[in-house]
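[1] I would like to see how this sequence folds:
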Amino acid sequence: MKIAIVGLLHHPIAEPFAGGMESHTWWLAKKLIEKGHEVTLFASGDSDPDLGLSPCIARSLKVHLKARTWEGRQACNMNAYASVIKKVCKGDFDIVHNNALHPLLLLSAADLPVPMLMVLHTPVYKELAAAIQYANARNESGNLGVVAVSNSLAKEWSPLISANVVYNGIDVDSWPWTAKAKSDCVLWYGRLVPEKAPHLAIQAALQAGYSINIAGPIGNQDYFEENVLPLMSSDRVHYLGHLSQAAIQRALSQASVFVNTPVWDEPYGIVYAEALASGTPIATFNRGAAEEIVTECCGVVVKENTVEALAKGIAIAARKSRADCRKRAVSFCNIDSMIAGYERLYIKLIAKQKQLARKRQQAEKVLAKRPKTTLQNAEIVANQIVAPGVPSADPRRKIAS
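    A predicted model of the protein is given here:
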C-alpha cells in the first residue's frame, strides 16, 4: 500500500525522541516500510530522511523562527497541513494515517480522494472534538476511520465518536533486558514538564530509600528550576540529560524500578512498554491507561496517586520478576501486533470506501435514466415534506403589490 503518514510538527520525528509521539511515529513508519509498504512521512524537515520524508515545514516548531509566538505556531501548523492536503489530493496514495492531532486535516477528510485513519493520541479537547464531530457528520463516503490507543481513551471519546482500539507497540527485540537489576537506583524519564511531575518521582524515591536517575529534555524551564532543580541537591538524585534510545535502554536495563508520575490521563504511555521490554518493574500513579498495561505480575499501580503511596509501591515493585516484565512486553506491547492491527484497518477502510463509491455510482446511473421532474411533481414532493401545520407556498403565486 501507498501510505501517507502525517506527524506532529512540534519536534522532529528523529532521535533523540522528544517524547512518545515522536517515537511512535518513527517506529510506525520504519516498520511499515520494512513490511514492504510505500510510506511518505509528512513532518518537519529536520525529521529522519530514511522514513520517506516529505517535509511540510522546513524545521520543527520548537526551533522554527516563525513559531516563537502562539500566533506564529498556529500559522505554521495551518500552512504546513494545508500543503499536506494538497499533496494528498495530487498524490497516488491508498490511505492517510493521521497522527497529527490537528483539526484542519479532519475538516478536509470527506474531500480527500482516499480514506483517512485518524489516530487519537490525546484526551478530548474542544478544537479536535469539534473537528471530529464535523468530519463524522460528513462521512457518507466512508472516508474516515478512527482509532484510540487505549480502551480508557476510547471510552473518553465515546460520547463523540466510536473508535477502534489499537495499542501502541515497540520493537521489543531492540530492547535488551537483564534478569537482575545492576543497581539499587530507580529511573524516571520523559519530558520534564508539570503534567509528568518528575519532582514527585524524586520525592517518592528518596522516601523509599532509593537513589534516582532523571532523564529527558527540559520541556518547561520555569517548572524545572522551581520544582526539580532544588531536589537535585541530594547526592542521591542525578540528572542524565536528554538521552538517545541506546542510552535509555542501558539506563532502564540497569534500574531496579521504573517510576512514572503522570498527573494527567496519559492516553497510553510508551515508557511503560519500554520499561517492561527492559525487564524493569514499574511503580506508577493510576492515571490514563496505566492499569491496562501494568499488571500485578510486572508492577504496582498505586490507587491514591500520592508520594507516600508511590514510595511504598516502589519497594513492592522492586521485588517483581524481571522475566515476567519481559514476558508482558512480548505478549502485550509488541510492535508487530500494532502494525498488524493498523494493516487490518487500512484494508477494511479502503474496501468500505470503494464499496460506497460503487453504490453511489449505481444510484447516479439510476437517477440519470429518470425523466426530469416537472414543476407540478416538485410541488407535490415539497408538500409531502413540509412541516405539519405549516402551509406550503405556491411558487406560481404572484406577490400582490
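[2] All the helices of the chain, in order from the start?
    Here the chain has its helices, by DSSP state H, at 20-34, 70-90, 103-107, 126-137, 151-157, 198-208, 221-223, 245-254, 270-277, 290-293, 307-317, 322-332, 335-369, 375-385.
[3] Pick the most buried one from those helices.
    Comparing those by mean neighbour count (mean count of other Cβ atoms under 10 Å), helix 270-277 ranks first with a mean of 27. Every residue, glycine included, has its C-beta placed from N, CA and C.
[4] which residues are in contact with it?
    20, 23-24, 168-170, 172, 175, 177, 189-190, 248-249, 252, 258, 260, 281-282, 284, 290, 293-294, 298, 325-326, 328-330, 332-333 (Cβ atoms under 8 Å, 6 or more residues apart in numbering).
[5] that older thread, mean pLDDT lowest for which of the helices of the chain?
    Mean pLDDT values for the helices of the chain show the minimum at helix 375-385, a mean of 48.
[6] hmm, who's touching stretch 173-188?
    With contact meaning Cβ under 8 Å, 6+ apart, stretch 173-188 is reached by 198, 201-202, 205, 210-215, 249, 251-261, 274, 277-280, 283, 314, 318, 322-323, 325-326, 329.
[7] for stretch 289-299, same thing?
    Stretch 289-299 has contacts (Cβ under 8 Å, 6+ apart) with 149-153, 167, 260, 262, 266-269, 272-273, 276, 281-284, 300-301, 317, 320-321, 324-325, 328, 332-333.
[8] could you dump it to PDB, C-alpha only?
    C-alpha atoms of stretch 289-299 as PDB (Å, rounded to 0.1, in the frame of the first residue of the first chain):
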ATOM      1  CA  ALA A 289      -4.100   3.600  30.500                       C
ATOM      2  CA  ALA A 290      -1.700   2.500  33.300                       C
ATOM      3  CA  GLU A 291      -3.900  -0.300  34.600                       C
ATOM      4  CA  GLU A 292      -4.400  -1.600  31.000                       C
ATOM      5  CA  ILE A 293      -0.600  -2.100  30.600                       C
ATOM      6  CA  VAL A 294       0.800  -2.700  34.000                       C
ATOM      7  CA  THR A 295      -0.400  -5.900  35.600                       C
ATOM      8  CA  GLU A 296       0.300  -7.200  39.100                       C
ATOM      9  CA  CYS A 297       3.000  -9.500  37.800                       C
ATOM     10  CA  CYS A 298       5.100  -6.700  36.500                       C
ATOM     11  CA  GLY A 299       4.500  -3.600  38.600                       C
END
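[9] Distance from the chain centre to it, please.
    Stretch 289-299 sits 20 Å away from the centroid of its parent chain (Cα atoms, centre = their mean, to the nearest Å).
[10] got a list of what the most centrally placed residue in the chain touches?
    In the chain, the C-alpha closest to the average C-alpha coordinate belongs to residue 121, at a distance of 2.6 Å (Cα atoms, centre = their mean). Going by Cβ under 8 Å, 6+ apart, residue 121 touches 21, 24, 99, 101, 149, 267, 268.
[11] What's the separation between residue 303 and residue 168?
    Shown here: residue 303 relative to residue 168, a distance of 24 Å by Cβ to Cβ, to the nearest Å.
[12] again, but for residue 31
    According to Cβ to Cβ, residue 31 and residue 168 sit 12 Å apart.
[13] Kindly report the same for residue 263.
    According to Cβ to Cβ, residue 263 and residue 168 sit 21 Å apart.
[14] How much space separates the nearest residue to residue 85 once chain neighbours are set aside from residue 79?
    Take residue 85 and drop its neighbours on the chain: the residue closest to it by Cβ to Cβ, 6 or more residues apart in numbering is residue 108, 5.1 Å away. To residue 79, residue 108 is 14 Å away according to Cβ to Cβ.
[15] follow-up on the earlier one: could the contacts of residue 121 be laid out in a markdown table, adding distance to residue 142?
    Shown next, in a markdown table, are those (distance: Cβ to Cβ, whole Å):
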| residue | distance to residue 142 |
| --- | --- |
| 21 | 27 |
| 24 | 26 |
| 99 | 21 |
| 101 | 22 |
| 149 | 22 |
| 267 | 25 |
| 268 | 27 |
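[16] Return the member of these nearest to residue 67.
    residue 101 (16.3 Å; Cβ to Cβ).
[17] can you pull the contacts of residue 207?
    With contact set as Cβ under 8 Å, 6+ apart, residue 207 has these partners: 307, 308, 311.
[18] Could you do residue 339 as well?
    Residue 339 makes contacts with 28, 31, 32, 35, 169, as judged by Cβ under 8 Å, 6+ apart.
[19] Just flag the most distant two among those.
    Among the contacts of residue 339, 35 and 169 lie farthest apart (Cβ to Cβ), at 13.4 Å.
[20] out of those two, which sits in the more crowded spot?
    Set side by side, residue 35 and residue 169 show more neighbours around residue 169, with 26 against 13, by other Cβ atoms under 10 Å.
[21] any idea how far that one lies from residue 55?
    For residue 169, the distance to residue 55 equals 27 Å [Cβ to Cβ].
[22] Repeat that for residue 9.
    According to Cβ to Cβ, residue 9 and residue 55 sit 10 Å apart.
[23] of those two, who's got more company?
    Neighbours of residue 9 and residue 55, each counted by other Cβ under 10 Å, are more numerous for residue 9; the result is 27 against 17.
[24] close enough to count as contact, that one and residue 60?
    Yes. Under the criterion of Cβ atoms under 8 Å, residue 9 makes contact with residue 60 at 6.1 Å.
[25] Mutual contacts of the two, please.
    Taking Cβ under 8 Å, 6+ apart as the contact definition, residue 9 and residue 60 share the neighbouring residues residue 44.
[26] Please compute how far stretch 52-69 lies from its chain's middle.
    Worked out by Cα atoms, centre = their mean, stretch 52-69 lies 19 Å from the chain centre.
[27] so how many other residues sit close to residue 164?
    Residue 164 has 16 nearby residues by other Cβ under 10 Å.
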